[in-house]
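# mind folding the following:
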Amino acid sequence: MNQTIVDELIKKFSLLDPKREYVELAVDLNDIYESSDKIDRLITETLSSSLDKEKLIEQLIEIEVELDHVNWHYKSLKKELKQLLNT
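As a prediction, this is how the structure comes out:
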């Protein structure tokens, strides 16, 4: 996790409500951002290298793990946003 990005996001989110700290929202966005970079790298590696069947399966599993990670943070982010918009 890039703490600098998280801190900057928290500072930006303080515009929404200066009394509330938006750590969870910032962490979710940061993790989605970092995972998107990792997925991009994994797909690029898959396309640019010669893989045997076993290595290809490993790459696909890694992509699936990252997508599950993104999905977890997406659900958390969606919950936070729903609470924020209903206040």
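# just checking, what packs against the helix ranked longest in the chain?
Within the chain, and with DSSP state H defining each element, the longest helix by residue count is helix 53-85. With contacts taken as 3 or more C-beta pairs under 8 Å, 6 or more residues apart in numbering; DSSP states H and E, helix 53-85 sits against helix 23-48. The C-beta positions use only the backbone N, C-alpha and C, and glycine is treated the same way.
# could I get the average pLDDT for the helix it packs on?
The pLDDT scores in helix 23-48 average 94.
# ditto for stretch 62-75
The model assigns stretch 62-75 a mean pLDDT of 97.
# which other residues reach that stretch?
For stretch 62-75, contacts defined as C-beta atoms under 8 Å, 6 or more residues apart in numbering pick out Val27, Asp28, Leu29, Asp31, Ile32, Ser35, Ser36, Lys38, Ile39, Leu42, Ile43, Thr46.
# narrow the residues you listed to just the buried residues.
Val27, Asp28, Leu29, Asp31, Ile32, Ser35, Ile39, Leu42 (16 or more other C-beta atoms under 10 Å).
# turn these into a markdown table, including distance to Asn71.
Compiled in a markdown table, those are given as follows (distance: C-beta to C-beta, whole Å):
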| residue | distance to Asn71 |
| --- | --- |
| Val27 | 15 |
| Asp28 | 11 |
| Leu29 | 14 |
| Asp31 | 11 |
| Ile32 | 10 |
| Ser35 | 10 |
| Ile39 | 12 |
| Leu42 | 16 |
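# thinking again about what came up before, mind listing what's buried in the longest helix of the chain?
Buried residues in helix 53-85, counted by 16+ other C-beta under 10 Å: Gln59, Glu62, Glu66, His69, Val70, His73, Ser76, Leu77, Glu80.
# what is the orientation angle of it with helix 23-48?
Relative orientation of helix 53-85 versus helix 23-48 (axes from the mean of the first three to the mean of the last three C-alpha atoms, to 10 degrees): 150 degrees.
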